[in-house]
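K.L.:
need a structure here:
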Amino acid sequence: MTSMSSEKVSSSPAPAKYVPRFKRDPTAVSSALTTYTYQDIAKKMPGQTQHTFVRAVVSQDAALDSDTTQDDSEGQASADLHRLDESFCRVMIHKHAHLSPPTELWTRNNMSMFDTNIGRPLPVFQELRANRFEFLGWYRITRWELCEGGSPVVRRFIERRKVSQRDRTLEYWQKALGESWARVEMERVRELTADPMRA
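P.N.:
The predicted structure follows:
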């Protein structure tokens, strides 16, 4: 009796499970993700123009957000400070302007206000693409330190961040490297979850 050798039947691999692009690519944005324009956020939470740590306004007559394209890397100042509060109303993280957001942020503005705002919950918004911001959650300032202009730590920060890798003028480099910066440490306030834009 002749025995027939059994052959293994090769099975085709199961088709790979579809993974949405926003999960495969960290630079992609989910179409289901709620984002806001800078103008939307400024209307809901009026504040000082352009900075990462946005100073709240006491009056609608104060200098409000008018320029949506700038960030702390440009060092622009508000035109009118006399109606601004001594507290921050929100934090705006501009794309490529920081190295380790949101837990470490850098700024050249409003440094006199950090001590009085330590521990206060602040809503944090991060730019995903041009003028589209995501609400990241509530964070508090835990500590901050002054980094002197011209110091090695300031130079390392300026040279490493992506926003500095664009073509820049000599005036930009002199200003960015020569001015003092605040390095601010943040931590998540996990007991607060509500999106203030939906309140």
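K.L.:
quick one: the strands in the chain?
P.N.:
With strands called from DSSP state E, the chain shows them at 53-57, 84-93, 104-107, 122-129, 132-147, 181-188.
K.L.:
would you check that residue 123 makes contact with residue 196?
P.N.:
Yes - between residue 123 and residue 196 there is a contact under Cβ atoms under 8 Å: 4.8 Å. All C-beta atoms are positioned from the backbone trio N, CA, C, and that covers glycine.
K.L.:
may I see the strands of the chain organised as CSV, with mean neighbour count, mean pLDDT and distance to residue 168 added?
P.N.:
Listed next are these as CSV, based on neighbours: other Cβ atoms under 10 Å; pLDDT from 0 to 100; distance: least, Cβ to Cβ, whole Å:
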stretch, mean neighbour count, mean pLDDT, distance to residue 168
strand 53-57, 23, 92, 23
strand 84-93, 20, 92, 21
strand 104-107, 20, 97, 17
strand 122-129, 20, 96, 20
strand 132-147, 17, 97, 20
strand 181-188, 19, 98, 16
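K.L.:
need the ones you listed in JSON lines (columns: distance to residue 162).
P.N.:
Formatted as JSON lines, the strands of the chain follow (distance: least, Cβ to Cβ, whole Å):
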{"stretch": "strand 53-57", "distance to residue 162": "20"}
{"stretch": "strand 84-93", "distance to residue 162": "13"}
{"stretch": "strand 104-107", "distance to residue 162": "13"}
{"stretch": "strand 122-129", "distance to residue 162": "12"}
{"stretch": "strand 132-147", "distance to residue 162": "17"}
{"stretch": "strand 181-188", "distance to residue 162": "17"}
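K.L.:
pretty sure residue 157 sits against residue 106.
P.N.:
Yes - counting by Cβ under 8 Å, residue 157 touches residue 106, with 6.0 Å between them.
K.L.:
anything in contact with each of the two?
P.N.:
Jointly contacting residue 157 and residue 106 under the rule Cβ atoms under 8 Å, 6 or more residues apart in numbering are 99, 181, 183.
K.L.:
between these, which is closest to residue 167?
P.N.:
Comparing the shared contacts of residue 157 and residue 106 against residue 167 with Cβ to Cβ picks out residue 99 as the nearest, at 20.5 Å.
K.L.:
looking at that closest one now. What's its pLDDT?
P.N.:
For residue 99, the pLDDT comes out at 95.
K.L.:
residue 20 too?
P.N.:
pLDDT, residue 20: 51.
K.L.:
mind starting the numbering at 16 from now?
P.N.:
Sure, I'll start numbering at 16, so the last one becomes residue 35.
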